[in-house]
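# whatever this is, show me its structure:
(one chain, ligands or ions: 1)
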Amino acid sequence: MIRLLSMFMFFILVFSIGCLSSGEETVVPAVTPTFVPTAVEKSSGTGHGDSHSSGATQSDKSPEEMFAGTICASCHKIEGTGAQGITGPELTNIGTIGASRISGYSAEEYIRESIIEPDAYLVEGYGNLMPAGLKDLLGADYEPIITYLVSLK
Ligand code: HEC
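Next up, the predicted model:
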């Protein structure tokens, strides 16, 4: 009889623990308000911050080295330099070839247009693969690159 009673007590115990724990589970966790972080305001500085200073560091390089370091070199080859791209036409003599591409264009005009508006004239045998917007990408290197390419006679 005592054994039966203790078993009964045991069940009561288990039952009440069960109730307790299940009771805990039903507690709905309070919804913690989530704060959407507000975008950090851009500093309303003078705008002089990081003006195109990248070009300045290029000045101690030769035009060949400078060109070889640009995105242009990944597609164009200039004989005897680090520029060894093969996607676009070789630019080894673009100072001469450029003057003969479009009648009435000097090499410089042609090269400038090739960069600013690459699809204005497509070199025969090549697809329209040269991206636009490279002038902006070159920044301070743009004019030195024009001068360099025009000099490649
Ligand atoms: C993704 C590859 C690619 C990149 C990067 C690229 N070009 Fe080109 N480029 C071409 C292709 C392809 C052509 C030929 C098709 C055409 O005329 O647009 C070409 C044509 C040219 C031409 C005319 C060549 C000729 O023989 O008439 C010049 C000049 C030129 N690119 C200069 C540049 C310069 C400078 C840069 C960097 C600012 C540059 N390219 C970046 C692919 C590229």
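# for Arg128, phi and psi?
Actually, residue 128 is Asn. It isn't Arg. Per-residue torsions, Asn128: phi -80, psi 70 (degrees, to the nearest 10).
# again but with Tyr142, I slipped
The phi/psi pair for Tyr142 (degrees, to the nearest 10) is phi -60, psi -60.
# that one - how many residues pack around it?
Tyr142 has 18 neighbours, counted by other C-beta atoms under 10 Å. Every residue, glycine included, has its C-beta placed from N, CA and C.
# which ones are touching the nearest residue to it once chain neighbours are set aside?
Excluding its sequence neighbours, the residue lying closest to Tyr142 (C-beta to C-beta, 6 or more residues apart in numbering) is Lys135, at 5.3 Å. Applying C-beta atoms under 8 Å, 6 or more residues apart in numbering to Lys135 gives the contacts 115-116, 142.
# can you name the element that comes right after the one helix or strand Lys135 maps to?
For Lys135, the host element (DSSP states H and E) is helix 134-138. Next helix or strand after helix 134-138 toward the C-terminus (DSSP H and E): helix 142-150.
# of all the residues in that next one, which ones are buried?
142, 144-146, 148-150 (16 or more other C-beta atoms under 10 Å).
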